[in-house]
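**Student:** Dropping a prediction and its sequence here:
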Amino acid sequence: MLFRSKIDSAENRHSFSKLLDSVGISQPQWKELTSIRDAFIFADDVGYPVLIRPSYVLSGAAMRVAFKKEQLQNYLEKAAEVSKEHPVVMSKFIQNAKEIEMDAVADNGELVVFAISEHIENAGVHSGDATMALPAQKTYWETMKRIKHMTKEIAKALEITGPFNI
């Protein structure tokens, strides 16, 4: 059961957000939403663009970026039912950001080996088909140190043993 709770801590957006807060890792504003009306209110509050995704997935599956209200309306209408049973997560989408990945192996929460790669294209929505450079070519050394530190904190908090990707 402990194993399942650690998986839930990584996959459930509320749990993962609390974990990030507890170890001091910042994250864009986000909210789990159960109505289209609430989605519009959130988007107006944080400003467009916004990222929309299923609530129980951290991967790129079924994610979309809405740059204006009409796109948000269209994405939500095409999405599965938005309800208490099938909420969506929306977050502020940070434009012109660089997407960086950490592939690592941990043993009982201790980082053993890692590799940091950077996406060639700007951050966005993808489903594993990104073009990446390894080693990272245009990422500052200090940024890579911060990524390694954050990865160590997450691995420790989740007590990871085995390979993982952030």
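**Tutor:** Received, thanks. Numbers count the residues shown, from 1 in each chain.

**Student:** Show me what Val88 is bridged to.
**Tutor:** For Val88, the beta-bridge partners under DSSP bridges are Leu33, Pro54.

**Student:** tally of neighbours for it?
**Tutor:** Neighbour count for Val88, taken as other CB atoms under 10 Å: 24. Using the backbone N, CA and C atoms, a C-beta is placed for each residue, glycine as well.

**Student:** do Arg13 as well
**Tutor:** Arg13 has 19 nearby residues by other CB under 10 Å.

**Student:** How about it: what's its closest non-neighbour residue?
**Tutor:** Once flanking residues are discounted, Arg13 sits nearest to Val89: 5.2 Å by CB to CB, 6 or more residues apart in numbering.

**Student:** same question, Leu72
**Tutor:** Leu72's closest residue in space is Ala66 (CB to CB, 6+ apart), at 3.8 Å.

**Student:** How about the contacts made by the one you found?
**Tutor:** Ala66 is in contact with 43, 48-50, 52, 72, 75, counting by CB atoms under 8 Å, 6 or more residues apart in numbering.

**Student:** Name the member of those residues that has the highest neighbour count.
**Tutor:** Using other CB under 10 Å as the neighbour test, the contacts of Ala66 are led by Val50, with 27 neighbours.

**Student:** What pLDDT does the model give the residue nearest to Leu72?
**Tutor:** You'll see Ala66 listed with a pLDDT of 91.

**Student:** cool, and Tyr56?
**Tutor:** With respect to pLDDT, Tyr56 has a value of 56.

**Student:** coming back round to it: ok, the contacts of Ala66 vs Ala10, which is closest?
**Tutor:** Nearest to Ala10 out of the contacts of Ala66 is Ile52 (CB to CB; 20.5 Å).

**Student:** OK, contacts around the nearest residue to Lys31 once chain neighbours are set aside?
**Tutor:** Closest residue in space to Lys31, ignoring its immediate chain neighbours: Phe42 at 5.1 Å, by CB to CB, 6+ apart. With contact taken as CB under 8 Å, 6+ apart, Phe42 is in contact with 31, 33, 50, 90.

**Student:** how about JSON lines for those, with distance to Tyr140, secondary structure and pLDDT added?
**Tutor:** As requested, those are exported to JSON lines (distance: CB to CB, whole Å; DSSP: H, G, I helix; E, B strand; the rest coil; pLDDT from 0 to 100):
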{"residue": "Lys31", "distance to Tyr140": "31", "secondary structure": "strand", "pLDDT": "87"}
{"residue": "Leu33", "distance to Tyr140": "35", "secondary structure": "strand", "pLDDT": "83"}
{"residue": "Val50", "distance to Tyr140": "28", "secondary structure": "strand", "pLDDT": "92"}
{"residue": "Met90", "distance to Tyr140": "30", "secondary structure": "strand", "pLDDT": "85"}
